[in-house]
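> starting from these lines, generate the structure:
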Amino acid sequence: MNIASNKKILIDLEDKILRLLSESKGNLLEDVTLNETLKVSKKTSEKVKNDLEAAEQTMKRIDETRETYRICGRVASILFFVLNDLNKIDPMYQFSLDWYKELFQTSIEESRSNNYGDRIKNIIKTHQLKVYKQVCRSLFEKHKLLLSLQMCVKLKMSEGEINEDEWTFFLRGGLVMDRSTQPVKPPFDWITTTAWDNITELEKMLPATFAGIANAVTLNPKEW
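Okay, here's the model as predicted:
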């Protein structure tokens, strides 16, 4: 508001000077009103410019500070969508955005008294724990471990510590699109077609880690 107000003052001063210049008749140096206005305008202009610089520096610091808290919003967003997905397990699990916003606000307030380190880590740690505790009250016992797993995986994904394609493979296994290029399944009863698909696709997905695994299984059945 100060920045906007000061910019308006500068514009008004410029307009007033231009008006007086256009209305002035004769020698400009003898126009007392114009000269007084110019003197006042100069002082006002200098003060306003100084105020503007100070306000813009303050705004810059506010912007920089706000950006440092963006990670708190990102974590809160991730956890909300984890809760939102729980209704796929049981339709009874419903959590409103209004309730969640209040929970996040409470986490911010309570984090002031906790001692987890700096302010941002404090908020994140407090909120993660608060989400888990509050939501567990609404879950069946068998689903509590699933909640903690989902929270952990989604947060690790956002930090780049879990690859989404690898996670999908872990959940669903490998899907072979063209069996003509797939190594021949060894004739062992203990290897199903699905298991062999998983082995060969795993080798394709992570060659640096699992290169040669299909061949190793085929040549060393006793070990496997």
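
> just how off-centre is the helix or strand hosting residue 170 within its chain?
Assessed by DSSP states H and E, residue 170 sits inside helix 164-172. The chain centroid and the centroid of helix 164-172 are separated by 22 Å under C-alpha atoms, centre = their mean, to the nearest Å.

> helices and strands around the lengthiest helix in the chain, which ones?
Longest helix in the chain, counting residues (DSSP state H): helix 32-68. In terms of contacts (3 or more C-beta pairs under 8 Å, 6 or more residues apart in numbering; DSSP states H and E), helix 32-68 is packed against helix 2-23. All C-beta spots, glycine's among them, are computed from the backbone N, C-alpha and C.

> ok so, going back, list the buried ones in the helix holding residue 170?
For helix 164-172, the neighbour count (16 or more other C-beta atoms under 10 Å) marks residue 169 as buried.

> in stretch 136-155, what counts as buried?
Buried residues in stretch 136-155 (16+ other C-beta under 10 Å): 139, 143, 147, 150, 151, 153, 154, 155.

> so the second one is in which element?
Spelled out, it's residue 143. Judged by DSSP H and E, residue 143 forms part of helix 141-158.

> quick check: angle from that helix to helix 164-172?
Angle, helix 141-158 to helix 164-172, by axes from the mean of the first three to the mean of the last three C-alpha atoms, to 10 degrees: 160 degrees.

> how close does the residue nearest the centre of the chain get to residue 158?
By C-alpha atoms, centre = their mean, the mean C-alpha position of the chain lies nearest to residue 74, the distance being 3.0 Å. For residue 74, the distance to residue 158 equals 7 Å [C-beta to C-beta, to the nearest Å].

> what does the helix or strand of the chain with the lowest mean pLDDT contact?
Lowest on mean pLDDT, DSSP states H and E among the helices and strands of the chain sits helix 2-23, with a mean of 81. When contacts are defined by C-beta atoms under 8 Å, 6 or more residues apart in numbering, helix 2-23 is touched by residues 28, 31, 33-34, 37-38, 41, 44-45, 48-49, 51-52, 55-56, 59.

> hmm, which of the residues you listed are the buried ones?
Buried among the contacts of helix 2-23 (16+ other C-beta under 10 Å): 31, 34, 37, 38, 41, 48, 52, 55.

> could I get those residues as a markdown table with pLDDT and distance to residue 186?
Shown next, in a markdown table, are those (pLDDT from 0 to 100; distance: C-beta to C-beta, whole Å):
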| residue | pLDDT | distance to residue 186 |
| --- | --- | --- |
| 31 | 71 | 104 |
| 34 | 74 | 100 |
| 37 | 77 | 97 |
| 38 | 78 | 96 |
| 41 | 78 | 92 |
| 48 | 80 | 83 |
| 52 | 82 | 77 |
| 55 | 85 | 74 |
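
> before I go, just wanted to say thanks for your time.
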